[in-house]
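Colleague: Could you look at this predicted model? Sequence included:
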Amino acid sequence: MNWRGGPGRSVWPYLIPLLIIVVALLGTVWFPFVNRSTLWFGLPSIGVWSVLWVLLIAPALMLVEYAGRYGEVDDARASASEERETPR
C-alpha cells in the first residue's frame, strides 16, 4: 500500500478512525458503561457494543484502502495513454 496517496497526499489521517475502532474493541472489557449487566435494545450491552464497532470496521477499512488510490489511477491512465500515442 502506498502510504503517500498522490503528490502531497498522506494516508495516515485516514487511519485514525481505524485506530479508534481497534481501541474501542480492545477496551470493551474495561469500559464500565459497557461491561455491566444491562440491556441495550434488549441485548447485553457488551454484545451491542461489539457488533456496532465490528460493523464500522468495513467502512473504515474501505476509507483507508481507497484513500491513496487516486494518484495511482491517474499515473496508470497517463502511462497507458502515452503508450497508445507512441508510434511504432
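Modeller: Here it is on my side, so go on. Numbering: from 1, shown residues only.
Colleague: Show me which helix runs longest in the chain.
Modeller: helix 45-67 (DSSP state H).
Colleague: so who does the closest residue to W49 other than its chain neighbours touch?
Modeller: In space, and not counting its chain neighbours, W49 is closest to V34: 4.6 Å by Cβ to Cβ, 6 or more residues apart in numbering. In this view, the C-beta of every residue, glycine as well, is placed from N, C-alpha and C. Neighbouring residues of V34 by Cβ atoms under 8 Å, 6 or more residues apart in numbering: 28, 45-46, 49.
Colleague: Which of the residues you listed are buried? Put it as a PyMOL command.
Modeller: Filtering the contacts of V34 down to the buried ones (16 or more other Cβ atoms under 10 Å) takes a single PyMOL command:
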select buried, resi 45+46+49
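Colleague: quick one: low-confidence parts of the protein?
Modeller: Along the chain, the parts satisfying pLDDT under 70 run over 1-11, 68-88.
Colleague: hang on, the earlier thing: report the two of the contacts of V34 separated the most.
Modeller: T28 and S45 (9.8 Å; Cβ to Cβ).
Colleague: who touches both of the two?
Modeller: With Cβ under 8 Å, 6+ apart as the test, T28 and S45 both reach 34-35.
Colleague: show me where the chain has strands.
Modeller: 39-40, 43-44 (DSSP state E).
Colleague: follow-up on the earlier one: and which of the contacts of V34 is nearest to L39?
Modeller: Nearest member of the contacts of V34 to L39, counting by Cβ to Cβ, is S45, at 6.8 Å.
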